[in-house]
Structures are given as C-alpha cells and as structure tokens.
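> Provide a 3D model corresponding to the input given below.
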Amino acid sequence: QVQLVGSGGGSVQAGGSLRLSCAASGATYRLFCMGWARQVPGKEREAVAGISSVGGRTYYADSVKGRFTISRDNAKTVYLQMTSLKPEDTAMYYCVAGLSMSDGGCARNYWGQGTQVTVSS
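Residues are numbered from 1 along each chain as shown. Okay, here's the model as predicted:
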C-alpha cells in the first residue's frame with residue numbers, strides 16, 4: 001500500500017503563488033508517477049500535473065501550462081509550484097500517485113487527503 005500526505009494549500013489573491021508538497025510512503029517502489037488532481041464542488045476531478053519517478057516526464061493540464069511547475073527531489077516527494085494563480089484555480093487539490101502514466105497524466109491509483117487552494121479576485 002502507498003500513503004500520500006499533501007500540504008501547502010491556502011488562500012491567496014489572484015496573481016499570487018503557492019507551493020504544494022506531497023510525500024509518499026509505503027510501497028513507493030511500485031510507483032511510476034506522482035502528481036496532483038483537483039476538484040471543484042459539483043464538477044469532476046481533473047488531472048493538473050504529473051511527473052514520472054524515473055526520467056522526469058511531466059504532464060500539465062492545458063489550463064495550467066506556463067503557470068504551474070511540478071518537480072521532485074526524489075521518487076517519494078513532489079512539489080507543485082503554482083504562480084499567476086487565478087480565481088478559477090480555486091479547488092481542493094489532491095496528491096495522486098500511479099502505476100502508469102499516459103498522455104492524460106499520471107494514473108490515479110492512490111490518493112492523498114486534499115488541501116484547499118482558494119484564489120480571490
């Protein structure tokens with residue numbers, strides 16, 4: 001089993017920045033990728049960004065390209081640097097980890113607890 005602990009959410013004004021962190025523990029050797037997904041009440045969860053454990057392949061949703069940057073300092077910890085935040089980025093952000101990765105991002109086989117990001121105009 002894999003456990004994910006995400007942190008770093010908060011409230012910020014439009015144009016501001018936040019950094020999310022996620023640490024994985026447990027059977028991390030199984031993981032091919034880690035990343036972030038987000039959900040707004042009443043809408044489906046969407047992939048935001050992902051990064052492979054080996055090679056550093058990345059995925060970004062079109063809505064965040066050029067503003068968000070995902071990185072890792074090892075195979076167990078990833079970060080999401082969010083800049084130029086917009087009110088529409090307001091959502092619950094979930095750390096995710098997967099056993100595979102595709103053009104649609106990191107597979108969401110494991111979920112962490114959510115961390116709220118609120119961007120005010």
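
> not counting sequence-adjacent ones, nearest residue to the spatially most central residue of the chain?
In the chain, the centroid-proximal residue (CA atoms, centre = their mean) is residue 36; its distance is 1.9 Å. Using CB to CB, 6 or more residues apart in numbering and skipping residues adjacent in sequence, the residue nearest residue 36 is residue 48, 4.5 Å away. (Glycine included, C-beta is placed from N, CA and C.)

> circling back: thought residue 89 was touching the residue nearest to the centre of the chain, still the case?
No: using CB atoms under 8 Å, residue 36 makes no contact with residue 89, being 11.5 Å away.

> this structure: strands as residue ranges?
Taking DSSP state E, the strands of the chain run over residues 2-7, 10-13, 18-26, 33-39, 46-52, 58-60, 68-74, 77-82, 91-98, 101-102, 105-106, 110-120.

> strand partners of the last one, parallel vs antiparallel please.
Strand 110-120 pairs in its sheet with strand 10-13 (parallel), strand 91-98 (antiparallel), by DSSP bridges.

> ditto for the third one
Partner strands for strand 18-26, per DSSP bridges, with pairing direction: strand 2-7 (antiparallel), strand 77-82 (antiparallel).
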